[in-house]
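# Next one to model:
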Amino acid sequence: MNQPGDFLDEITSGRRSVRKYRAEVPPRGAIEAMIECAAKAPSPSNSQPVRFVRIVSPPLLEALHGEMLRARRELLQRVEAEGGSKKTRNLVNACFRCSEFMFRAPVLIAAGTVPVHAGFSSRLAEAKILRADRRGERDLDITLGLALKGFLLKGRALGLGTCILTAPLLFLSDVRKTLGLEDIRISCFVTVGFPDDTPPFIERKSAAELYREI
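Residues are numbered from 1 along each chain as shown. From the prediction side, this is the model:
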């Protein structure tokens, strides 16, 4: 007999970072269901700053890819100019390969946040009680992470594979300008599709390794 929480354990344990997809495009309703699940994540004062932008325009995809190719060439030239090792060149190329597959995914989404002034630290900084710092940005990053978790797990429940990518941002000097998203701070890309393979399970640390009482 299934116990309470078994379904959650199943989808969290079964989730993988999928990089190979079938050509079939997931239905729009599935993507919207994933967004709706992400929207339930907590945020400072319920400000809901997370945004998901699906990139479908061929010219925009070409612009992204072209900028990444140029950046890779420039990085490799810099490695050469600095007398860098083969290991460093391989690192640049490996990072690029781990990024480029996103252009073959059926669905490519840019995820980020819009600026809000909802947290206590932001409001106290506006009142000049606290000095402005990066705490507001940290709060947005936490909120995005929580939303992405819901997005990924809902995808898993619907039979879809996903992968979060931050490596492409190393090759994109101004991704907001390239995409015309000046109002959104892009933190990552997410690919979505029906998996064409099942990556093996990677052992995780135990609760005992992660938890302590003081």
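
# Now tell me what touches the lowest-mean-pLDDT helix or strand in the chain from outside.
The weakest-scoring helix or strand in the chain, judged by mean pLDDT, DSSP states H and E, is helix 120-126 (a mean of 74). With contact meaning Cβ atoms under 8 Å, 6 or more residues apart in numbering, helix 120-126 is reached by 44, 116-117, 130-133, 135-136, 139. Bear in mind the C-beta positions are built from the backbone N, C-alpha and C, glycine included.

# and what of stretch 47-55?
31, 35, 38-39, 41, 43, 61, 64, 107-116, 118-119, 140, 143-144, 147, 151, 179, 181, 184, 190.

# now the contacts of helix 120-126 in CSV, with secondary structure, distance to residue 165 and pLDDT?
Formatted as CSV, the contacts of helix 120-126 follow (DSSP: H, G, I helix; E, B strand; the rest coil; distance: Cβ to Cβ, whole Å; pLDDT from 0 to 100):
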residue, secondary structure, distance to residue 165, pLDDT
44, helix, 26, 89
116, coil, 25, 85
117, coil, 29, 73
130, coil, 34, 73
131, coil, 34, 74
132, coil, 30, 70
133, coil, 28, 66
135, helix, 26, 74
136, helix, 25, 76
139, helix, 23, 89
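
# Pull out the buried residues from those residues.
Among those, those classed as buried by 16 or more other Cβ atoms under 10 Å are 44, 116, 136, 139.
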